[in-house]
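>>> Could you work out the structure for the sequence below:
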Amino acid sequence: MLRNTLAVLGLTLLATLPAQAALCSGSGEGLSYGFSLGIGSNITEDDQNQIDLVNLRRLGVDATSVERWGGCLRAFVRKPTGGEEMQYFEPGTYKRVQ
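Okay, the predicted model is just below:
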């Protein structure tokens, strides 16, 4: 009985994990940008998100926002029929994760 309960609990936990989280390497290989505007000046997370947003748009992705999430870039993309959907991309290469 305990074995069956633990098996069901384990399967339930696996089923609730986001599938895309394990598919991005998070290596950031490919395109990367870095610059400094002065001593002690660094790119913030918001700046990096904007850079990623611009790069996705240049590649034809109609993204409205981008953020780093679980080793991936999570973008909210406008659908042609209206509304938005989440799509995941590899950081740096901007390849879409299926």
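>>> which residues of the protein score low on pLDDT?
The model of the chain has pLDDT under 70 over residues 1-23, 25-41.
>>> So which residues of it form strands?
Assigned by DSSP state E, the chain shows strands spanning 63-69, 72-78, 84-89, 96-97.
>>> Could you identify which of those strands is most buried?
Among these, strand 72-78 has the highest mean neighbour count (mean count of other C-beta atoms under 10 Å), at a mean of 20. (Each C-beta comes from the backbone N, C-alpha and C, glycine too.)
>>> who's in contact with the closest residue to residue 45 other than its chain neighbours?
Leaving aside its chain neighbours, residue 45 sits nearest to residue 68 (7.3 Å; criterion: C-beta to C-beta, 6 or more residues apart in numbering). Counting by C-beta atoms under 8 Å, 6 or more residues apart in numbering, residue 68 touches 45, 48-49, 74, 91.
>>> List buried residues within the residues you listed.
Neighbour-count burial (16 or more other C-beta atoms under 10 Å) applied to the contacts of residue 68 gives 48-49, 74, 91.
>>> The residue nearest to residue 45 pairs with what?
Taking DSSP bridges as the rule, residue 68 bridges to residue 73.
>>> For it, give its distance to residue 79.
23 Å (C-beta to C-beta, to the nearest Å).
>>> How about residue 70?
Residue 70 is 22 Å from residue 79, where distance means C-beta to C-beta.
>>> ok, residue 91 touching residue 73?
Yes. Counting by C-beta atoms under 8 Å, residue 73 is a contact partner of residue 91 at 5.5 Å.
>>> what do these two both touch?
Both residue 91 and residue 73 are in contact with 24, 52, where contact means C-beta under 8 Å, 6+ apart.
>>> I'm done for today, thanks for sticking with me.
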